[in-house]
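> Here is my input; please provide its structure:
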Amino acid sequence: DVYFSATIDGEITKISPSALKLFKLKSLKEIEGKNVKEYYYNSTDKERFNEIIFKKGEINNFETILKDNEGNKIYIEENSHIVYDDSNKPIKIEGILRDITKRKKTQKIIEEQHKEILSSITYAKRIQNALMPSEIFFKNYLPQHFIIFFPKNIVSGDFYWMKQVHDIVFFAAADCTGHG
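Numbering: from 1, shown residues only. Okay, the predicted model is just below:
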């Protein structure tokens with residue numbers, strides 16, 4: 001975590017040594033005296049931050065993207081508050097930055113895997129629907145039939161099947177034990 005203190009206008013006045021690693025700095029002097037807006041990846045995030053903190057006096061779990069000295073993205077979560085003087089005039093902003101880059105990258109991988117798995121399951125449903133007999137097929141052999149088929153999830157482990165072989169009609173309803 002990185003502690004920082006900045007003027008109300010955003011000039012960094014103090015920052016903890018942990019900033020060296022986060023921002024890929026050789027010295028804290030590289031960042032002290034600079035304006036925080038120089039480190040925002042998207043300027044609209046700084047505007048959003050200001051809107052919240054100046055309205056509420058504090059901001060919690062604010063996620064944004066900063067950039068290090070090499071221009072690489074740093075995903076952070078910020079908790080900050082305004083410090084007031086004795087006459088209730090805002091004099092500075094103090095806060096803590098937490099690097100959540102690994103968490104965000106992991107989230108992105110999980111979201112991509114979820115999308116791939118959902119796509120595969122949806123395709124499996126298409127295959128399952130293609131293998132099950134059609135309503136017309138049932139009407140030909142069982143005119144007064146009904147089917148109750150509500151898969152718990154997208155694709156069902158249970159299925160029904162019907163096939164005519166010469167003069168015989170075979171019918172099966174299969175319940176896969178342990179599937180929901």
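> average pLDDT across the host helix or strand of Ile110?
In the assignment (DSSP states H and E), Ile110 maps to helix 101-131. Mean pLDDT, helix 101-131: 93.
> If we go by neighbour counts, what in that helix is buried?
Neighbour counts over helix 101-131 (16 or more other CB atoms under 10 Å) mark Lys104 as buried. The C-beta positions use only the backbone N, C-alpha and C, and glycine is treated the same way.
> same check, this time on stretch 37-48
Tyr39, Tyr40, Asp45, Lys46.
> next structured bit after the helix holding Ile110?
Going down the chain from helix 101-131, the next helix or strand is helix 135-141, by DSSP H and E.
> Which residues does that next one contact?
Under the criterion CB atoms under 8 Å, 6 or more residues apart in numbering, residues His145, Ile147, Met162, Gln164, Val169 lie in contact with helix 135-141.
> One more: stretch 164-179?
Applying CB under 8 Å, 6+ apart, the contact partners of stretch 164-179 are Tyr141, Lys152, Ser156, Gly157, Asp158, Phe159, Tyr160, Trp161, Met162, Lys163.
> Widest-spaced pair of these?
The span of the contacts of stretch 164-179, defined through CB to CB, is set by Tyr141 and Lys152 at 28.1 Å.
> Where does Ile59 sit: helix, strand or coil?
Of the three states, Ile59 takes strand according to DSSP: H, G, I helix; E, B strand; the rest coil.
> surely it meets Ile82?
No. The criterion here is CB atoms under 8 Å, and Ile59 misses it with Ile82 at 9.4 Å.
> more neighbours, these two?
Ile59 (21 against 17; other CB atoms under 10 Å).
> What's opposite that one in the beta bridge?
Listed by DSSP bridges, the beta-bridge partners for Ile59 are Ser80.
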